[in-house]
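S.K.: Fold the following.
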Amino acid sequence: MFDAAFGPEAAFARYEAIRPRLPAAVFPRESLWLPTLAEAADHYDGFLLDAFGVLNVGETAIAGAVARMADLRARGKRLCVLTNAASYTRGALVAKYHRLGFDFTPNEVVSSRDVAVARLEAIAPGAHWAAISAEGDSFADIPARLTDAMANPEVLETADGILFLSTARWTSEWQARLMAALQRRPRPLVIANPDLVAPREDDLSIEPGFFGHAILDDLAIATHWFGKPFGDCFAEGIRRTGLAPHQLAMVGDTLHTDTLGGAAAGCGTVLVERHGLFRGRDVRPFIAASGIVPNIVVETT
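M.R.: Down below sits the predicted model:
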């Protein structure tokens, strides 16, 4: 289902194929091209920041990103990280950013996991959830009854709903097993990371959104999406900054999650081209083909 041949072009094509399932937005006619976020700072009062491709690639901070955040703070800009990294608790995310040299506070980090788990009770009151997660993932931050589905496969059949947090242990075989279980008994499916892929040091990793859309291609399942480009996470990030949407820019590396989602939320948008999905490629053909036009494109953070 996913191999080394699934690179940026294939990911872009897949994002375009599932575009009808994503939010709608209005975009500027053209982008302003600038070197870094330093030059973009005068255009906005604050920034919503993707992590992968903007602050870090895998477990490595992008060169200059720590200093750039300090400079933005010194200039009075409000910051909030908006990440689809659903396999981390917020505490673990904050600790990770601190290890990388960033000084974000817990209030300045919004994860798709936080947004998703806060809504589980409304989706299925009192439900028992089968959690697709990384090995050793703690569920202590989740106010619901969860069972690790990969340690207890039978829960895919018996649980009231499915919560997809991580693909760390997921395979095509597990995907087939899940689809068969949902076909036999349809239940709510919560995708807490809508990304199809994420940039790592040397390649792209496949993310829960890829598998969620594969399920929807074949099954009519009630699916709930939390994280960029969907609105709940943007609403929470905007609220944390205390600014109006138009005063903020969403900074990211991906057109269909960061730029599309930011524009749909009423924010400005900044695409970082060097480190993320489009690294090593000219982003202009992708912008033209999709019609997803950032307000600003920068080479690096």
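
S.K.: ok, the residue sitting nearest the centre point of the chain - contacts?
M.R.: For the chain, N84 is the residue whose C-alpha lies nearest the centre (C-alpha atoms, centre = their mean; 2.9 Å). By C-beta atoms under 8 Å, 6 or more residues apart in numbering, the residues touching N84 are S111, S112, N193, P194, D195, A198, E207, G227, K228, T257. Yep, even glycine has a C-beta here, placed from its N, CA and C like the rest.

S.K.: what do you get for Y44?
M.R.: K77, Q247, L248, A249, G268.

S.K.: quick one: it from E154, how far?
M.R.: 50 Å (C-beta to C-beta, to the nearest Å).

S.K.: which residues sit against the longest helix along the chain?
M.R.: Longest helix of the chain, by residue count under DSSP state H: helix 172-184. If you take C-beta under 8 Å, 6+ apart as the criterion, helix 172-184 is touched by 1-2, 132, 150, 153, 156-157, 162, 189, 211, 214-215, 218-219, 221.

S.K.: Would you mind checking which of the residues you listed is nearest to V57?
M.R.: Of all the contacts of helix 172-184, F2 has the smallest distance to V57: 19.3 Å, by C-beta to C-beta.

S.K.: Check that closest one and give its pLDDT.
M.R.: Per-residue confidence at F2 stands at 45 (pLDDT).

S.K.: in the stretch 51-200 of the chain, which spans are strands?
M.R.: Residue ranges of the strands in the stretch 51-200 of the chain, as given by DSSP state E, counting those that start in this stretch, are 56-57, 60-61, 78-83, 109-111, 128-132, 145-148, 161-164, 189-191, 197-199.

S.K.: From the chain's centroid, how far away is the fourth one?
M.R.: Chain-centre distance of strand 109-111: 10 Å, with C-alpha atoms, centre = their mean, to the nearest Å.

S.K.: Give me the next element, helix or strand, following the helix or strand bottoming out on mean pLDDT in the chain.
M.R.: Least confident helix or strand of the chain, by mean pLDDT, DSSP states H and E, is strand 197-199 with a mean of 83. On the C-terminal side of strand 197-199, the closest following helix or strand by DSSP states H and E is strand 204-206.

S.K.: Poorly predicted segments of the stretch 1-150 of the chain, please.
M.R.: Scanning the stretch 1-150 of the chain for pLDDT under 70 picks out the ranges 1-5.

S.K.: Show me the contacts of Y44 that map onto strands.
M.R.: L248, A249, G268 (DSSP state E).

S.K.: need the contact list for the second one.
M.R.: By C-beta under 8 Å, 6+ apart, A249 lies in contact with 40, 43-44, 46-48, 262, 267-270, 295-296.

S.K.: ditto for A134
M.R.: Counting by C-beta under 8 Å, 6+ apart, A134 touches S87, L165, S166, A168, R169.

S.K.: who wins for most neighbours among those?
M.R.: Neighbour count (other C-beta atoms under 10 Å) singles out L165 as the most crowded of the contacts of A134, with 26 neighbours.

S.K.: How are the helices of the stretch 1-150 of the chain distributed by residue range?
M.R.: Applying DSSP state H, counting those that start in this stretch to the stretch 1-150 of the chain gives helices spanning 8-17, 37-40, 65-74, 90-99, 112-117, 120-123.
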